[in-house]
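Engineer: just the structure for this:
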Amino acid sequence: MPIPIIRKITASDASSFQALRLEGLANHPCEFGTALEEEADLSLPDIERRLEDGQIYGVFVGTKLAAIAGFRRFDRLKKRHKAELFGVYVGQDSRGQKLGEAVVRHVIAVAKNEAEQLLATVASLNHPAKALYAKLGFRQFGHEPRAHKVGDRYFDQDHLVLMLSCIEAD
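Structural biologist: A predicted model of the protein is given here:
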């Protein structure tokens, strides 16, 4: 198996990113704040712009994009010390290889240079993701009942924080 490489996803990766993102939204609709219908309507140029303007990282195994995670710093003056981890997903056929952990660790390393704390939300029923975040030092600070509605079902979310200023440099 090729050695996984983690790097910022660029516009040239747009079709691979879109395919992996749509897989995640289709297979796990309660886990993301975006609905499949919203994302599926985006054109490839829209995706390319999003990737060029944002900080979305991917784990590539050979030429295949296997896992993704996004990071954004808050813009408002009083919130610039915070950033958000979002859109974490590992492809169905790439699970069990610790690629999710690798990409989240990478985002944490990037975020340490830009923010003091990193926020994340996770579906309350997603026990593997919650265990990973706990392992990496995230702590729950809130619980939002009925955070997402998918069809006629509601899903709760847990709000997490990682204090980056308390993490030793690797």
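Engineer: ok, R76 - contacts?
Structural biologist: The neighbourhood of R76, defined by CB atoms under 8 Å, 6 or more residues apart in numbering, contains no residues. (Each C-beta comes from the backbone N, C-alpha and C, glycine too.)
Engineer: check the one 5 residues further on too.
Structural biologist: The contact partners of H81, by CB under 8 Å, 6+ apart, come to A115, E116, Q117.
Engineer: now do it, the pLDDT please.
Structural biologist: H81 carries a pLDDT score of 95 in this model.
Engineer: just after the lowest-mean-pLDDT helix or strand in the chain, pick out the following helix or strand.
Structural biologist: For the chain, the helix or strand with the lowest mean confidence is helix 36-40, at a mean of 92 (criterion: mean pLDDT, DSSP states H and E). Read in the C-terminal direction, the helix or strand following helix 36-40 is helix 44-53, with elements assigned using DSSP states H and E.
Engineer: CA atoms only: put the helix or strand following that following helix into PDB for me.
Structural biologist: Downstream of helix 44-53, the next assigned helix or strand under DSSP H and E is strand 55-61. Listed in PDB are the C-alpha atoms of strand 55-61, where the atom choice follows Å, rounded to 0.1, in the frame of the first residue of the first chain:
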ATOM      1  CA  GLN A  55      -8.500  25.300   4.000                       C
ATOM      2  CA  ILE A  56      -9.600  21.700   3.200                       C
ATOM      3  CA  TYR A  57      -7.100  19.000   3.600                       C
ATOM      4  CA  GLY A  58      -7.100  15.500   2.200                       C
ATOM      5  CA  VAL A  59      -5.300  12.200   2.700                       C
ATOM      6  CA  PHE A  60      -4.200  10.800  -0.600                       C
ATOM      7  CA  VAL A  61      -3.300   7.100  -0.900                       C
END
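Engineer: who does the following helix or strand past strand 55-61 pair up with?
Structural biologist: If you walk from strand 55-61 toward the C-terminus, the next helix or strand you reach (DSSP H and E) is strand 64-73. Strands that pair with strand 64-73, judged by DSSP bridges, come out as strand 55-61 (antiparallel), strand 82-90 (antiparallel).
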